[in-house]
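*Asks:* Okay, predicted coordinates and the sequence, questions at the end:
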Amino acid sequence: MNISKRYPQLFILIVFIATDLSHADTRNDIPGADGPSLSSTKDVFQPFGKITVEIINDIGGTVTLPYHCKSKDSDFGDQSLQPGGSWSFSFKRQFFGRTLFFCSFALPNGRYYFDIFRDHRDTAGDDWCQKCVWKIRPTGPCRFNGGTKQFDICFPWNKK
């Protein structure tokens, strides 16, 4: 028997959830004297709640950081961060855990790419995040660790 005919309300609910979970919105922030707001990085994970990704320019010196972030469904365009500046966006995860946002960064020595949010990396295990705060450094991005209260979850740049 066809499920969509037998349980129409359930079918409609599943379609609604699947389409609603991938929408993103953005926010520009300049960190205050105490730095970015990191209070929610180790709260109880809500699998269908909003995820926030924050990017901080930690290249050093007076270097402005040009970048471009996007997903399959959202494109935030070309932007730049002043030294120490931050930018963030929020979204709901896709229903089947396939959410991916990636960014390119124009550093003084070349253009580099990184998956700034990868569902299976960032929502599983001991290092999951509801608010994923990244410092972009010349050696690669480093994410805030709620356990150590440091930016010590570091990754290399994506291979081209």
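*Replies:* Yep, that arrived. Computed from a prediction, not measured in an experiment: that's the story for all the values here.
*Asks:* Please, where are all the strands along this structure?
*Replies:* 24-29, 50-57, 65-70, 75-81, 86-92, 100-107, 110-118, 131-137, 140-145, 150-154 (DSSP state E).
*Asks:* right, and those - which one's nearest residue 125?
*Replies:* For those, the distance to residue 125 is smallest for strand 150-154, at 10.9 Å, taking C-beta to C-beta. (Each C-beta comes from the backbone N, C-alpha and C, glycine too.)
*Asks:* Just want the angle from the closest one to strand 50-57.
*Replies:* 100 degrees (axes from the mean of the first three to the mean of the last three C-alpha atoms, to 10 degrees).
*Asks:* From the contact counts, what lies against strand 150-154?
*Replies:* Contact analysis of strand 150-154 by 3 or more C-beta pairs under 8 Å, 6 or more residues apart in numbering; DSSP states H and E lists strand 131-137, strand 140-145 as its packing neighbours.
*Asks:* Can I get the longest one in PDB, CA atoms only?
*Replies:* Just to be clear, that refers to strand 131-137. Written as PDB, here are the backbone C-alpha positions of strand 131-137 (Å, rounded to 0.1, in the frame of the first residue of the first chain):
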ATOM      1  CA  LYS A 131      27.800  27.100  17.700                       C
ATOM      2  CA  CYS A 132      30.900  26.400  15.700                       C
ATOM      3  CA  VAL A 133      33.400  29.200  16.100                       C
ATOM      4  CA  TRP A 134      36.500  29.100  13.900                       C
ATOM      5  CA  LYS A 135      39.600  31.200  13.900                       C
ATOM      6  CA  ILE A 136      41.100  31.400  10.400                       C
ATOM      7  CA  ARG A 137      44.900  31.200  10.700                       C
END
